[in-house]
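A.B. asks: would you be able to build a 3D model of this:
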Amino acid sequence: MSRGAWLQVRLPLLVTAFGVTACASDSPTSPRLRDSAPSFGQVQQDMQGLYVIETSGATEPVVAAISQAGGRIRSNVPQIRMISAAGLDAGRAAALAKRSDVVGVYRDVMISTVLPKRYGQPLSAPAGGRAQGPDQSGAYFYPAQWNLPRINANTAWQQTNSGAGRTVWVLDTGYDPYHIDLSGHQPCYSTGITVPRFMSDVYAVDFNFHGSFVSGIIASNGLGMASVAPSARVCTRKVLSEDGKGTFGDLASSLVFVADVGANVVNMSLGAYFDSKTEGGVALLRLMQAAVDFANRKGAVVVASAGNDGVDLDADGPTWISLPAQLDRVISVGATGPDLNFNYDALASYSNFGGQTGVDLVAPGGDLPDANNPFDLILSVCSTVVCGTRNQYVLAGGTSFAAPQVSATAAIIQAVLGAPSPATVEKCLKGPAKRVGSPRIFGYGRLDVLKSSLCTG
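C.D. replies: So this is what the prediction gives:
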């Protein structure tokens, strides 16, 4: 069945599941400065005595001091001289900050997923055997996955080993090991949430949908959906609760953790729009940068979503920063999305942009300017906990779902070149990207999996 015929059969069954949404232009918004944080990932001061401590040297003496003061160690990260702790009040934190081996004590802050939405009711795919080899064009919903041929992922299946031997770690809401497109992989998922806010936080399983959705884009079994790097290994570290929120301390410590256990690529489809003038803001940025630098030195390529607030990140500085997307040595990914299956390389109506400091690349993230065409969105798996059965899929849009396509491509490049440096992988991602508009908006351009995978460094 042709793609057009496939859509004609299935689309009428799905339209009724979608509500009307506000229309938005694909054109970028005018640059503007802010005097308050936008809705995307608003930073919130934690009210539960959670702090991040930066030390000047060894962390162990400070760990002992925190315990003696009645605090509880959430994580000790000597690689970046950081400790996160719970149970401290302002007085104990102030006393701790006076130690000669403590650079500063800062309140932890909240981060969140990059606010994507899933639309309509879950879609079911028939159960079946796993796809043979990396060619996943036989997946049930593949005809609706417009994003894959747009970035030449399907062509790359034929000419590369699709990321075999490479591991992508996803820092997100967890993973669904039961879904038909995610099951059967070697279990390498864990929780990095140190202060549970929900009962589900103690389990690595995805009680949201976001982490499983992101993971499926990177590598799937090719049953209901196709993926970018089918032969890559996906591991997850849960850093966000079922409401999509987590703490800075858990994110930084988990980034160091996955780098230490051998991550080749790290995907962070999350963030906070961060005011560095916030008390301790500069220090928290410095610690997060240290975590990124540590991962980079260990050989990991770090990829993050640019954010969904439709702002010019080049013009929103210098105090506002999209964290972690705008940190050095992080590949920041914006989103493209079509309108009624036309103009696939338009900037998505929600995507942050800014090719100097804000966005390195763009990739398909989907859009929904017309509620009557849900297939302008991105399709991926829905967690069994959320959707009820092991064969459910949803459609959603966001820079969250553009980033894993870049992460998967990074894994393919690494598999092709052997052991390239993160800088070489970044060069191979940016250099072959297709220019689809002004570099001021789109950075180096739209991802091209095939051309990037053929890069020689």
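A.B. asks: helices of the protein, start to end?
C.D. replies: Assigned by DSSP state H, the chain shows helices spanning 3-15, 60-68, 90-97, 147-150, 153-159, 210-218, 248-260, 281-297, 384-387, 399-417, 422-430, 439-442, 449-453.
A.B. asks: of all the ones you listed, which one is nearest Asn341?
C.D. replies: Nearest to Asn341 among the helices of the chain is helix 3-15; the distance by C-beta to C-beta comes to 8.4 Å. C-beta coordinates here come from the backbone N, C-alpha and C atoms, glycine included.
A.B. asks: sorry, back to before: deepest of the helices of the chain, which one?
C.D. replies: Among those, ranked by average contacts under mean count of other C-beta atoms under 10 Å, first place goes to helix 210-218 (a mean of 31).
A.B. asks: could I get the helices of the chain as TSV with distance to Asp108 and mean pLDDT?
C.D. replies: Formatted as TSV, these follow (distance: least, C-beta to C-beta, whole Å; pLDDT from 0 to 100):
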stretch	distance to Asp108	mean pLDDT
helix 3-15	41	33
helix 60-68	14	96
helix 90-97	11	95
helix 147-150	35	96
helix 153-159	38	95
helix 210-218	21	96
helix 248-260	5	96
helix 281-297	8	95
helix 384-387	27	94
helix 399-417	22	97
helix 422-430	28	97
helix 439-442	34	96
helix 449-453	37	97
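A.B. asks: reformat these as TSV; add distance to Asp376.
C.D. replies: Shown next, in TSV, are the helices of the chain (distance: least, C-beta to C-beta, whole Å):
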stretch	distance to Asp376
helix 3-15	11
helix 60-68	50
helix 90-97	48
helix 147-150	10
helix 153-159	18
helix 210-218	16
helix 248-260	31
helix 281-297	33
helix 384-387	21
helix 399-417	13
helix 422-430	25
helix 439-442	19
helix 449-453	20
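A.B. asks: nearest approach to Val170 belongs to which of those?
C.D. replies: Of all the helices of the chain, helix 210-218 comes closest under C-beta to C-beta, at 5.3 Å.
A.B. asks: what angle do that closest one and helix 399-417 make?
C.D. replies: Here helix 210-218 points in a direction 40 degrees away from that of helix 399-417 (axes from the mean of the first three to the mean of the last three C-alpha atoms, to 10 degrees).
A.B. asks: just checking, what packs against helix 210-218?
C.D. replies: strand 167-172, strand 233-238, strand 378-381, helix 399-417 (3 or more C-beta pairs under 8 Å, 6 or more residues apart in numbering; DSSP states H and E).
A.B. asks: between the ones you listed, which one is closest to Gly222.
C.D. replies: strand 378-381 (11.9 Å).
A.B. asks: neighbours of the closest residue to Asp314 other than its chain neighbours, how many?
C.D. replies: In this structure, Asp314 finds its nearest non-sequential neighbour in Gly354, 3.5 Å apart by C-beta to C-beta, 6 or more residues apart in numbering. For Gly354, the neighbour count with other C-beta atoms under 10 Å is 25.
A.B. asks: repeat that for Asp89.
C.D. replies: Asp89: 12 neighbours (other C-beta under 10 Å).
A.B. asks: again, but for Met110
C.D. replies: 17.
A.B. asks: next: Asp172.
C.D. replies: Considering only other C-beta under 10 Å, Asp172 is surrounded by 28 other residues.
A.B. asks: what of the one 3 residues further on?
C.D. replies: The tally of other residues near Tyr175 (other C-beta under 10 Å) stands at 28.
A.B. asks: same check on the one 4 residues further on?
C.D. replies: By the criterion of other C-beta under 10 Å, His179 has 26 neighbours.
A.B. asks: list the contacts of it.
C.D. replies: Ser212, Gly216, Val381, Cys382, Ser383, Thr384, Arg390, Asn391, Gln392 (C-beta atoms under 8 Å, 6 or more residues apart in numbering).
A.B. asks: right, and the fifth one touches Asp176 too?
C.D. replies: Yes. The pair formed by Ser383 and Asp176 meets the contact definition of C-beta atoms under 8 Å, at 4.3 Å.
A.B. asks: ok, the closest residue to Gly57 other than its chain neighbours to Val436 distance?
C.D. replies: Once flanking residues are discounted, Gly57 sits nearest to Asp101: 5.7 Å by C-beta to C-beta, 6+ apart. Distance, Asp101 to Val436, using C-beta to C-beta, to the nearest Å: 51 Å.
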